[in-house]
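Colleague: Any chance you can model this:
(chains A, B, C and D, ligands or ions: 4)
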2 protein chains.
Amino acid sequence: MGVQEVQACLDSAHQRCSESGLRLTQKREQILRLMLEAEAPLSPYEVVDLYNAQAEQNMPPNSAYRILDFLAEANLVHKLNSANKYIACSHIACSHPHSASQFLICSQCKTVKEVMMEPKLLKEIQKNVSSAGFKMRHPSVELECLCGECSES
Amino acid sequence: MGVQEVQACLDSAHQRCSESGLRLTQKREQILRLMLEAEAPLSPYEVVDLYNAQAEQNMPPNSAYRILDFLAEANLVHKLNSANKYIACSHIACSHPHSASQFLICSQCKTVKEVMMEPKLLKEIQKNVSSAGFKMRHPSVELECLCGECSES
DNA sequence: CTTCTAAATGATATGTTATATCATTGCACA
DNA sequence: TGTGCAATGATATAACATATCATTTAGAAG
Ligand SMILES: [Zn+2]
Ligand SMILES: [Zn+2]
Ligand SMILES: [Zn+2]
Ligand SMILES: [Zn+2]
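Modeller: Numbering: from 1, shown residues only, chains lettered A, B, ... in the order given. Ligands and ions are numbered 1, 2, ... in the order given. The predicted structure follows:
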């Protein structure tokens, strides 16, 4: 992701946060930028290492955990449960509201693609939930895949 | 799950394993029984504790990890990525083949319900994967929910 | 029924990840 | 310019996961 795209995401993130009364502090913004530039899933400890290398500071692990939690709560990053890592949302600068996503994860090269679920599909899933007497709060659809490149070789 | 149901699952598991050339050893069977009786997600360390309490033996953690891995590979238990726990498959004794499942997880009481995905739904998900140029290997659909009881109170 | 072999399990150590607790900083608001 | 609460830092430790090598066990071969 180019510098100007990253900046667009950060701007959009600031706007969205202030609209919802969330505080995108300097540290949180720094971590978000880092995630946007990484374009790959990062664990909290990997975030710490990257941050400390770049900023020549010393962020403690619990701060990384807290900040990633915040960003995930704000839908600016997503947690990939199958890897216990986080990845920047691919739709921060998009105008449409963020609905549920499918995450296509290449088991070989670890590339991740975030695809919005069509309303029809989401409704289909929702239907099964309701008929079991449950109420859905947050779906997590992670698909272990092979990406185009990796399935060729 | 009653004693006779557990036994039916174990019998079915033995049959399925021998058909696929897998070895459902004594330890593996003991752990599977334990999971069937628990009817709740258990972490490897919880399995160790339960086993050691019941059998008054001392299973090391790595054995629990290995055995749970084996059982998951054999589709006799499933790994819940969002909790890093395992739960016995609800369809061991069923005659139909095991396709992909949705896991409805109550965030409050941690009840889990495993619901088979209808082919139509699976195909819908698959479609999005293909159109992104990926090949699906193993879907993980975990839905953070409130169960019937918990959503009332 | 032995003996052999590979797979499974145990023992042990250690690396990694996650969290708990309290102190300190810094920003919003009066 | 204080005052209070949210955010972050410092530190310790708990919980989780894995690596390595030894030992046992189960199945195959003779
Ligand atoms: Zn997103
Ligand atoms: Zn790939
Ligand atoms: Zn199942
Ligand atoms: Zn519940």
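Colleague: Can you give me the pLDDT of residue A:56?
Modeller: For residue A:56, the pLDDT comes out at 87.
Colleague: try residue A:67
Modeller: pLDDT for residue A:67: 98.
Colleague: List the residues that contact it.
Modeller: By Cβ atoms under 8 Å, 6 or more residues apart in numbering or on different chains, residue A:67 lies in contact with A:27-28, A:31. (C-beta placed from N, C-alpha, C; glycine too.)
Colleague: Take the residues you listed and keep only those in helices.
Modeller: A:27-28, A:31 (DSSP state H).
Colleague: Can you name every helix or strand that the longest strand along chain A contacts?
Modeller: Assignment by DSSP state E gives strand A:135-146 as the longest strand of chain A. Counting contacts by 3 or more Cβ pairs under 8 Å, 6 or more residues apart in numbering or on different chains; DSSP states H and E, strand A:135-146 packs against strand A:101-106, helix A:119-131, helix B:119-131, strand B:135-146.
Colleague: export the helix or strand that contains residue A:52 as CSV, just CAs?
Modeller: Using DSSP states H and E, residue A:52 sits within helix A:44-55. Taking Å, rounded to 0.1, in the frame of the first residue of the first chain, the C-alpha atoms of helix A:44-55 are listed here in CSV:
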residue,chain,number,x,y,z
PRO,A,44,1.2,-8.5,19.2
TYR,A,45,4.8,-9.4,19.8
GLU,A,46,5.7,-8.9,16.2
VAL,A,47,4.1,-5.5,16.4
VAL,A,48,6.2,-4.7,19.4
ASP,A,49,9.4,-5.7,17.6
LEU,A,50,8.5,-3.7,14.5
TYR,A,51,7.6,-0.7,16.6
ASN,A,52,10.7,-0.8,18.7
ALA,A,53,12.9,-1.2,15.6
GLN,A,54,11.3,1.8,13.8
ALA,A,55,10.8,4.2,16.7
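Colleague: Is there proximity between it and DNA strand D?
Modeller: No - interface with DNA strand D: helix A:44-55 contributes nothing (Cβ under 7 Å from any atom of the strand), its closest point being 9.0 Å away.
Colleague: Tell me, what's the model's pLDDT at residue A:1?
Modeller: pLDDT at residue A:1 comes out at 89.
Colleague: How about the contacts made by residue A:147?
Modeller: A:104, A:106, A:108-109, A:111, A:113, B:133-134.
Colleague: What residues of stretch A:4-14 count as buried?
Modeller: Buried positions in stretch A:4-14, judged by neighbour count with 16 or more other Cβ atoms under 10 Å in any protein chain shown: A:6, A:9-10, A:12-13.
Colleague: Pretty sure residue A:121 sits against residue B:126.
Modeller: No - at 10.9 Å, residue A:121 does not count as touching residue B:126 under the criterion of Cβ atoms under 8 Å.
Colleague: Please report the number of neighbouring residues for the residue in chain A positioned nearest to ligand 1.
Modeller: Per Cβ to the ion, residue A:89 is where chain A lies closest to ligand 1, at 3.2 Å. By other Cβ atoms under 10 Å in any protein chain shown, the residues close to residue A:89 number 23.
Colleague: Does it touch residue A:80 like I think?
Modeller: No - applying Cβ under 8 Å as the test, residue A:89 and residue A:80 come out as separate, 11.9 Å apart.
Colleague: What parts of chain A come near ligand 4?
Modeller: Contact residues (Cβ under 5 Å from the ion) of chain A with ligand 4: there are none.
Colleague: and the longest helix for chain A?
Modeller: Ranked by residue count and defined by DSSP H, the top helix of chain A is helix A:3-19.
Colleague: Quick one: distance of that helix to the chain centre.
Modeller: 14 Å (Cα atoms, centre = their mean, to the nearest Å).
Colleague: Show me what that helix is packed up against.
Modeller: Counting by 3+ Cβ pairs under 8 Å, 6+ apart, helix A:3-19 packs on helix A:26-38.
Colleague: I'd like to know which elements the helix it packs on is packed against.
Modeller: If you count contacts as 3+ Cβ pairs under 8 Å, 6+ apart, helix A:26-38 packs onto helix A:3-19, helix A:44-55, helix A:61-73, strand A:85-88.
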